[in-house]
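> I would like to see how this sequence folds:
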Amino acid sequence: MKFAILTSHPIQYQIPLFQELAKNSKIDLTVYFCWKAGSQKEYYDKQFGRKIVWDLSLLDGYNYKFLNNFSLRSSSDFWGQINLTLYWFTAGIHLLIG
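Down below sits the predicted model:
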């Protein structure tokens, strides 16, 4: 079964779930991210006001795609994630929005 998860950006506590689902041979999982924030091992987070360093890889162990973000100011705000290609990627796929 094709299965997709749509989420704003890679979030450290969601990654183990994505990796476990990807191990199941009955599930063809792809995770779609609307924004690349936090996908690097180390980055500066404006909301926390400091550098963040992850102790795990946020993109290993499962299939993922970053959707094109057409926002002029990428952010976690509503207008910060304008992903017009979403419809084309998800045709015929079971979709979980998280």
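> any regions of this structure where pLDDT drops low?
71-72, 75-98 (pLDDT under 70).
> make it 50
The model of the chain has pLDDT under 50 over residues 98.
> can you give me the helices in it?
15-23, 86-90 (DSSP state H).
> all strands of the protein, in order?
Applying DSSP state E to the chain gives strands spanning 2-7, 28-33, 42-45, 50-53, 63-66, 94-97.
> just the ones you listed: most buried one?
Among these, strand 28-33 has the highest mean neighbour count (mean count of other CB atoms under 10 Å), at a mean of 20. To be clear about C-beta, it is placed using only N, CA and C from the backbone, and glycine gets the same treatment.
> name the helices or strands packed onto that one?
Based on contacts counted as 3 or more CB pairs under 8 Å, 6 or more residues apart in numbering; DSSP states H and E, the elements that strand 28-33 packs against are strand 2-7, helix 15-23, strand 63-66, helix 86-90.
> can you list these in TSV and add distance to Ser74?
Conversion of the helices and strands packed on strand 28-33 to TSV gives the following (distance: least, CB to CB, whole Å):
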stretch	distance to Ser74
strand 2-7	15
helix 15-23	21
strand 63-66	11
helix 86-90	15
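> out of these, which is closest to Ser39?
strand 63-66 (7.6 Å; CB to CB).
> strand partners of the closest one, parallel vs antiparallel please.
Strand pairing for strand 63-66, using DSSP bridges, gives strand 28-33 (parallel).
> before we move on, back to that, JSON lines for the strands of the chain, including distance to Leu21?
Formatted as JSON lines, the strands of the chain follow (distance: least, CB to CB, whole Å):
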{"stretch": "strand 2-7", "distance to Leu21": "7"}
{"stretch": "strand 28-33", "distance to Leu21": "5"}
{"stretch": "strand 42-45", "distance to Leu21": "25"}
{"stretch": "strand 50-53", "distance to Leu21": "25"}
{"stretch": "strand 63-66", "distance to Leu21": "10"}
{"stretch": "strand 94-97", "distance to Leu21": "10"}
